[in-house]
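>>> sequence-free structure coming up:
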């Protein structure tokens, strides 16, 4: 169980270079490594209310900003699912993580996690997909009944509105209120975590990622043969990645379980951090095998700099 008391968890921040791209990351706790991959348009900050819970339960939690996002570099080039999966594995190498206890991906990050599991299964013991983008198509009758998911059009039109700063924050708030189960939970802090780094380079990177969102046919075939135990967590009210996508994925994954959170929208790590963390900790504790190794306590020696903060667990 996740402890109900308040606790202070130290958050470390650093930078590491992966194939010449400077990647920002946040790290929490000590123990078996868990790697967190954020979704499209987000950053490591999306996990800040989940990571302390996992660290409190005895894990070394590593959350990176994908290239083009957060405080990481925004180079031109390949932003496909395969390229981002390679980036995550390079990040793990730099941090001394040969095998993660689990890789956890939200939204687009879920597809990246599935790509790693399908092509490099030796890099993780377990996989978690949270509100993931569509990989397996649900039956036609469920597709017809599912809410329309205007992910590409909405995000593309939104990215063009990300300047100036006032307009950027207005759009981010309006968009998040559409995809949260409870719009009142979209606070100034949440808005700022998305809007703060939305510069021109970010816009270019988002367009590049959006172009690849629907290219999952090759991954769908490989997912059906995955042997890695996988937990799927979905918000019942997700208007971007409807729960029917999670149900379809659950039916095809040989060793998976699906948990649906009532009243939750697309941003489960921010909307229901405690519930999500509890589900993950339980899954990590009862599923095997356990082949991961505990990385060293130090940050990457090639890191440019780091700082520590105290995070309030709530």
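Great, that's in hand. Just so it is clear, the structure is predicted and the values come from calculations on it, not from any experiment.
>>> So for residue 77, what pLDDT did the model give?
If you check residue 77, the pLDDT there is 93.
>>> The nearest residue to it once chain neighbours are set aside and residue 67: what is the separation?
Computed as Cβ to Cβ, 6 or more residues apart in numbering, the closest residue to residue 77 that is not its neighbour in sequence is residue 83, at 7.6 Å. In this view, the C-beta of every residue, glycine as well, is placed from N, C-alpha and C. Distance, residue 83 to residue 67, using Cβ to Cβ, to the nearest Å: 9 Å.
>>> and those two? which has more neighbours close in?
Higher neighbour count among residue 83 and residue 67: residue 67, with 27 against 17, using other Cβ atoms under 10 Å.
>>> which residues touch that one?
Going by Cβ atoms under 8 Å, 6 or more residues apart in numbering, residue 67 touches 18, 21, 23, 73, 74, 75, 79, 84, 87, 205.
>>> Report how many residues lie close to the fourth one.
Residue 73 has 18 neighbours, counted by other Cβ under 10 Å.
>>> Can you list the buried residues in the helix or strand residue 274 falls within?
Here residue 274, judged by DSSP states H and E, is contained in helix 273-286. The neighbour-count check on helix 273-286 (16 or more other Cβ atoms under 10 Å) flags 273, 275, 276, 277, 279, 280, 281, 283, 284 as buried.
>>> Which other helices and strands does that helix contact?
Contacts defined by 3 or more Cβ pairs under 8 Å, 6 or more residues apart in numbering; DSSP states H and E place helix 273-286 against strand 32-37, helix 51-56, strand 100-106, strand 124-130, strand 230-235, strand 256-261.
>>> Could you list the paired strands of the fifth one along with their orientation?
Looking at strand 230-235 with DSSP bridges, its partner strands are strand 124-130 (parallel), strand 256-261 (parallel).
>>> That strand: which residues count as buried?
For strand 230-235, by 16+ other Cβ under 10 Å, it's 230, 231, 232, 233, 234, 235.
>>> of all the residues you listed, which comes closest to residue 242?
Of all the buried residues of strand 230-235, residue 242 sits closest to residue 234, with 8.5 Å by Cβ to Cβ.
>>> where exactly do the helices run in the protein?
51-56, 81-94, 108-119, 140-145, 151-159, 165-179, 188-195, 200-210, 217-223, 243-252, 268-271, 273-286 (DSSP state H).
>>> In a markdown table, list the ones you listed along with distance to residue 33 and mean pLDDT.
Shown next, in a markdown table, are these (distance: least, Cβ to Cβ, whole Å; pLDDT from 0 to 100):
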| stretch | distance to residue 33 | mean pLDDT |
| --- | --- | --- |
| helix 51-56 | 11 | 97 |
| helix 81-94 | 8 | 98 |
| helix 108-119 | 14 | 96 |
| helix 140-145 | 36 | 42 |
| helix 151-159 | 30 | 48 |
| helix 165-179 | 30 | 85 |
| helix 188-195 | 24 | 91 |
| helix 200-210 | 25 | 88 |
| helix 217-223 | 23 | 83 |
| helix 243-252 | 25 | 95 |
| helix 268-271 | 18 | 98 |
| helix 273-286 | 11 | 97 |
